[in-house]
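S.K.: take a look and give me a structure for this.
(one chain, ligands or ions: 2)
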Amino acid sequence: MRTALVIGTGLIGTSVALALAGRGVRVHLSDHDPGQARTAAALGAGTDAEPDGPVDLAVIAVPPAHVAATLADAMRRGLARGYLDVASVKGGPRRELAALGCDLARYLGTHPMAGRERSGPLAATADLFEGRPWVLTPVGGQAGGTDTEVLNLALELVALCRAVPVVMDADDHDRAVALVSHTPQLLSSMVAARLEEADETAVRLCGQGIRDVTRIAASDPRMWVDILSANPGPVADVLAAVAADLDETVRALRALESSDAERHGAREAGIAGIEDVLRRGNAGRDRVPGKHGAAPAAYEVVAVLIGDQPGELARIFADAGRAGVNIEDVRIEHATGQQAGLIQLTVEPQAAPGLTAALRERGWSIRQ
Ligand SMILES: NC(=O)c1ccc[n+]([C@@H]2O[C@H](COP(=O)([O-])OP(=O)(O)OC[C@H]3O[C@@H](n4cnc5c(N)ncnc54)[C@H](O)[C@@H]3O)[C@@H](O)[C@H]2O)c1
Ligand SMILES: O=C(O)C(=O)C[C@]1(C(=O)O)C=C[C@@H](O)C=C1
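M.R.: Numbering: from 1, shown residues only. Ligands and ions are numbered 1, 2, ... in the order given. Model (predicted):
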């Protein structure tokens, strides 16, 4: 692929453009807000000048509700040899495109399983998709089937973004993301919504647990209304199953709360009910793939106290590097009201003792 056009230069469009531009593709950037395209160009994602002829691939990265109309317009203007979108739902856009009478052979619905809770070009990064699944939903058959050239262009794009292609049927994809992406977004928002009216004395106690659970509650509501309203049935099915667990858990807790719990064996039943959902949670969590889609790995965490001052992170990473240790993941826990935090360095189990010793030697305070 030599040339590409990215329409919609927000978080995802600009991240794609940065990855392509970094690997030598000439990228044209377009957005209905020209300021967004200018910002993306200033970040090195390409040029906001119009292409002077059809590009190899047009990438449509606008909110789901605008995908079909944007694609239809681009196709009518003959802007590219192949077209794909990156929207988080796949069944709806394809049906809308068909209803608009577009050439479905030149189009492929795709979805990179990577993102952030922030929007816009300034949140974009060239490595956003590295090691992440990128779903492709080609359609077989002669009439309306995906053209091989378009599928190959999409595979090249996925490879240039260093993502991992996963081929799926569009409706199967929508049911899968209802479970692993759309319902988690709603549950995160619902937990965070409890805090809106909460007493300040409670909010001050927020620790890492609630930070983990509510990170994506900071996402753009307009975008998520678009996504959820394009996948209502599958999301409602998963939420109904969660609601059944919630009902059971509330019943179990109420049984423990009642004053005559001991007498009627309700205490044992209540504990069993709570334990059941926690154990099923352990089993589900064990199935979440690890880094780069590999089987979940058992890592160890080395927790170190760091000061809240410039250069501390660089210093600790350099010290870990000098000890020859590869850091698999990093998390920082901020201590409320203190000029310090706890950095948790996730490493291979065999590297943990050496890293602990090396950091102690260099004066770092290790927390057990
Ligand atoms: N945010 C995520 O985590 C994530 C992950 C994977 C896929 N997606 C999908 O990627 C797409 C873009 O999401 P985002 O997070 O980059 O959003 P974003 O808000 O950061 O960017 C969207 C951009 O599209 C532009 N836009 C809106 N309507 C347009 C139109 N009609 N023509 C041209 N430009 C238009 C906006 O000005 C904005 O710059 C969505 O379809 C979303 O479902 C998002
Ligand atoms: O990690 C995040 O912040 C995301 O929101 C990413 C996430 C996801 O649920 O995994 C969100 C929506 C997208 O369609 C794909 C990826």
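
S.K.: when you work out contacts or count neighbours from here on, use the C-alpha atoms and nothing else.
M.R.: Noted.

S.K.: what number of residues are in the vicinity of P63?
M.R.: Neighbour count of P63, defined by other C-alpha atoms under 10 Å: 18.

S.K.: show me where pLDDT drops low in the stretch 101-250 of the chain?
M.R.: 142 (pLDDT under 70).

S.K.: what residue in it comes nearest to ligand 1?
M.R.: Going by C-alpha to the nearest ligand atom, ligand 1 is nearest to G115 of the stretch 101-250 of the chain, at 3.1 Å.

S.K.: what's downstream of the helix or strand containing A240, the next helix or strand?
M.R.: Assigned by DSSP states H and E, A240 falls within helix 232-257. Note on helix 232-257: by DSSP H and E, the next helix or strand toward the C-terminus is helix 266-286.

S.K.: ok, and for that following helix, which residues are buried?
M.R.: Applying a neighbour-count criterion of 16 or more other C-alpha atoms under 10 Å, one finds A266, R267, A269, G270, G273, I274 buried in helix 266-286.

S.K.: so which elements touch it?
M.R.: helix 232-257 (3 or more C-alpha pairs under 8 Å, 6 or more residues apart in numbering; DSSP states H and E).

S.K.: quick one: the helices in this structure, in order.
M.R.: 11-22, 34-42, 64-76, 91-99, 148-160, 170-177, 183-193, 200-203, 208-214, 221-229, 232-257, 266-286, 312-322, 352-361 (DSSP state H).

S.K.: same for the fifth one, what does it pack against?
M.R.: The one in question is helix 148-160. If contacts are counted by 3+ C-alpha pairs under 8 Å, 6+ apart, helix 148-160 sits against helix 11-22, strand 80-85, strand 107-112, strand 164-167.

S.K.: contacts for it, please.
M.R.: 1, 19-20, 23, 56-57, 81-84, 105-108, 134, 138, 164-165 (C-alpha atoms under 8 Å, 6 or more residues apart in numbering).

S.K.: out of the helices and strands packed on helix 148-160, nearest to A244?
M.R.: Ranking those by proximity to A244 (C-alpha to C-alpha) places strand 107-112 first, at 30.1 Å.

S.K.: quick one on the thing from earlier: so the residue of the stretch 101-250 of the chain closest to ligand 1 touches I12, yeah?
M.R.: Yes - judged on C-alpha atoms under 8 Å, G115 makes contact with I12 at a distance of 7.1 Å.

S.K.: of the two, who's got more company?
M.R.: Just comparing G115 and I12: by other C-alpha under 10 Å the higher neighbour count belongs to I12, 29 against 16.

S.K.: ok, the more buried one to T137 distance?
M.R.: For I12, the distance to T137 equals 18 Å [C-alpha to C-alpha, to the nearest Å].

S.K.: ok, now N326?
M.R.: Taken as C-alpha to C-alpha, the span from N326 to T137 is 36 Å.

S.K.: settle it for me: which of the two has more neighbours?
M.R.: Shown here are N326 and T137; by other C-alpha under 10 Å, T137 has more neighbours (23 against 15).

S.K.: need the contact list for the more buried one.
M.R.: K90, L108, G109, T110, V167, M168, D169, A170.

S.K.: with C102 instead?
M.R.: Counted by C-alpha under 8 Å, 6+ apart, C102 has contacts A72, M75.

S.K.: do the same with the one 3 residues further on
M.R.: Residues touching A105, when contacts are defined by C-alpha under 8 Å, 6+ apart, comprise A143, G144, G145, T146, D147, V150.

S.K.: R162: what's its closest spatial neighbour, skipping adjacent residues?
M.R.: Leaving out its chain neighbours, the residue that sits closest to R162 by C-alpha to C-alpha, 6 or more residues apart in numbering is E130, at 4.7 Å.

S.K.: which residues touch the one you found?
M.R.: C161, R162, A163, V164, H292.

S.K.: at 7 Å instead, please
M.R.: C161, R162, A163 (C-alpha atoms under 7 Å, 6 or more residues apart in numbering).

S.K.: among the residues you listed, who's most crowded?
M.R.: C161 (26 neighbours).

S.K.: I figured that one hits L18, correct?
M.R.: No - the criterion here is C-alpha atoms under 7 Å, and C161 misses it with L18 at 9.1 Å.

S.K.: for ligand 2, what is the nearest residue in the stretch 251-368 of the chain?
M.R.: Counting by C-alpha to the nearest ligand atom, the stretch 251-368 of the chain gets nearest ligand 2 through V288, at 11.8 Å.
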